[in-house]
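> Fold the following for me, if possible:
(2 chains)
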Amino acid sequence: MGIFKDYRSLSKQSREISARTDVGAGLATMQAKMEALNNSMSKAATGRAMIQGLGCRASVIAARPTGAMVNGGQVTAVELLVLFPGRPPMSVNTTEIVPQMYLSRTVPGSSVPVRIMLEDPSDVYIDWAAA
Amino acid sequence: MGLFKSIKDMKSMVSAAPGLLDQANQMSANAQAMQANAQAPAYGPVTIPAPAAADVFEPIAGVELATFAQISAGLAQYGYDQTKAVGLAAAQGIDSTSWQAALDGWNQRIVANPVVAQRFNALYTGRG
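Now for the predicted structure:
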């Protein structure tokens, strides 16, 4: 009968989905990603570097999308070489929510304006909108 | 009965969207493949075609780029206290006048040339 055929078909597909899906591992991965994302956002959320940081420019060395999206922006791991007048450059790694329209500025070699806390260089703010 | 109603609902669903689960499976596979591609380094450290002449890597006041990067990176252990730079340079046999000339000169080249910036960063981070 058609009903039982459909029932068998649905049961078979459900078993296939269950066999391929490790719900526990999936949730653990999701939690780890959210934790990493929250950690990366914690300094930016304070806005300290944006307000108190030393303003200068940085050269983008590398950028890698993490696969996460926040508020429509691509969460991107960015490696910067911060350039100070009269001081040696400093290599800094940060994770940024890059608005879609500014993704082109993450190309290696791009120059971006930044504000950085000198006593804690991991606290850096990139002003994507500024020239 | 509830059981027969459920079966009837399932039949209705299968009839309405016969390929729904197959499509969902395919979408899941596509999404996983796209995610894997997205996590690959899309903009990894690249070797920018060098427009720079070889002389951009010539030492400045006797200070090689590698030495400049080493001293710059060494400031991390002093909380990036710039006053320690002269001492670190002296430990490498570089006097303060030469260090200042190297600092100004290398900074100028790094700002002007992304190839020099990439190379400095690789040396600074120990990947060079």
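> residues in contact with the residue nearest the centre of chain A?
Geometric centre of chain A, nearest residue: A:Val75, 2.4 Å, by CA atoms, centre = their mean. Contact partners of A:Val75, counting by CB atoms under 8 Å, 6 or more residues apart in numbering or on different chains, are A:37, A:40, A:65-69, A:95-98. Just so you know, the C-beta spots here come from the backbone N, C-alpha and C atoms, and that holds for glycine as well.
> try 10 Å
For A:Val75, the contacting residues are A:33, A:36-37, A:40-41, A:65-69, A:95-98, by CB atoms under 10 Å, 6 or more residues apart in numbering or on different chains.
> May I see the residues you listed organised as TSV, with pLDDT and neighbour count added?
Listed next are the contacts of A:Val75 as TSV, based on pLDDT from 0 to 100; neighbours: other CB atoms under 10 Å in any protein chain shown:
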residue	pLDDT	neighbour count
A:Lys33	80	14
A:Ala36	77	14
A:Leu37	77	16
A:Ser40	73	19
A:Met41	75	15
A:Pro65	91	20
A:Thr66	86	17
A:Gly67	84	15
A:Ala68	84	17
A:Met69	87	12
A:Thr95	89	20
A:Glu96	88	24
A:Ile97	88	18
A:Val98	92	21
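> gap between the two ends of stretch A:68-78?
One end of stretch A:68-78 sits 14 Å from the other (CA to CA, to the nearest Å).
> Buried residues, that stretch. List them.
A:68, A:73-78 (16 or more other CB atoms under 10 Å in any protein chain shown).
> As CSV, the contacts of A:Val75 with secondary structure and distance to chain B would be great.
Listed next are those as CSV, based on DSSP: H, G, I helix; E, B strand; the rest coil; distance: CB to the nearest CB, whole Å:
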residue, secondary structure, distance to chain B
A:Lys33, helix, 11
A:Ala36, helix, 13
A:Leu37, helix, 14
A:Ser40, helix, 16
A:Met41, helix, 19
A:Pro65, strand, 5
A:Thr66, strand, 7
A:Gly67, strand, 5
A:Ala68, strand, 10
A:Met69, strand, 10
A:Thr95, strand, 14
A:Glu96, strand, 13
A:Ile97, strand, 15
A:Val98, strand, 11
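> Could you dump these into a markdown table with distance to B:Gly87 added?
What follows is these, written out as a markdown table (distance: CB to CB, whole Å):
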| residue | distance to B:Gly87 |
| --- | --- |
| A:Lys33 | 43 |
| A:Ala36 | 38 |
| A:Leu37 | 40 |
| A:Ser40 | 34 |
| A:Met41 | 37 |
| A:Pro65 | 41 |
| A:Thr66 | 39 |
| A:Gly67 | 44 |
| A:Ala68 | 43 |
| A:Met69 | 46 |
| A:Thr95 | 34 |
| A:Glu96 | 34 |
| A:Ile97 | 40 |
| A:Val98 | 39 |
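> What pairs with the helix or strand where the residue nearest to the centre of chain A lies, parallel or antiparallel?
Using DSSP states H and E, A:Val75 sits in strand A:73-83. Take DSSP bridges as the rule and strand A:73-83 pairs in its sheet with strand A:54-70 (antiparallel), strand A:90-98 (antiparallel).
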